[in-house]
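Trainee: Dropping a prediction and its sequence here:
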Amino acid sequence: MFERFVNVFQVLVAIAAGATVVLLLTVSPTVAEVESPDTALGSDLFQANCAGCHGAGGEGGIGPALAGGLARFGSTEEVVVFVSTGVPGRMPGFETRLGPDEINAVVEFVWADLAGR
């Protein structure tokens, strides 16, 4: 009687373990599908403030293309200063429209996601 109980228990544990593995593989998003909060914020801010001139994918328009166009900057810090202050007659400064964290999020998004395209 005890052996039958143990066998039934082992089968139930095996079924539960198999079901757990199947659920983990079918429900968990892959790393590529997960957008970090900073990337999502940067993307949203870019679309709202920059895409009108630089294109939705950074391909350019009124403003220059961003894909590969950040090579003249040595670091993201330089881009932050550029975006904050702008260039009179060419690009508005965003330091009065966006906070420092928002500008950093946009720059990180552009530097990481758009510049390499």
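Mentor: Arrived safely.
Trainee: domains of the chain?
Mentor: 2-31, 35-114 (automatic domain parsing).
Trainee: In TSV: the ones you listed, plus mean pLDDT.
Mentor: Converted to TSV, the domains of the chain look like this (pLDDT from 0 to 100):
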stretch	mean pLDDT
domain 2-31	60
domain 35-114	89
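Trainee: right, so those domains: which one is the most enclosed?
Mentor: Mean neighbour count, computed with mean count of other CB atoms under 10 Å, is highest for domain 35-114 among these, reaching a mean of 16. For glycine as for every other residue, the C-beta is placed from the backbone atoms N, C-alpha and C.
Trainee: and residue 114, what does it touch?
Mentor: Contacts for residue 114 (CB atoms under 8 Å, 6 or more residues apart in numbering) come out as 46, 57-58, 66-67.
Trainee: what does residue 65 give?
Mentor: Residue 65 makes contact with 54-55, 58-59, according to CB under 8 Å, 6+ apart.
Trainee: Please identify which helix or strand holds it.
Mentor: Using DSSP states H and E, residue 65 sits in no helix or strand.
Trainee: can you give me the strands in the protein?
Mentor: Taking DSSP state E, the chain contains no strands at all.
Trainee: Can you tell me the closest non-neighbouring residue to residue 50?
Mentor: Counting by CB to CB, 6 or more residues apart in numbering, residue 50 lies nearest to residue 106, which is 6.7 Å off, once chain neighbours are set aside.
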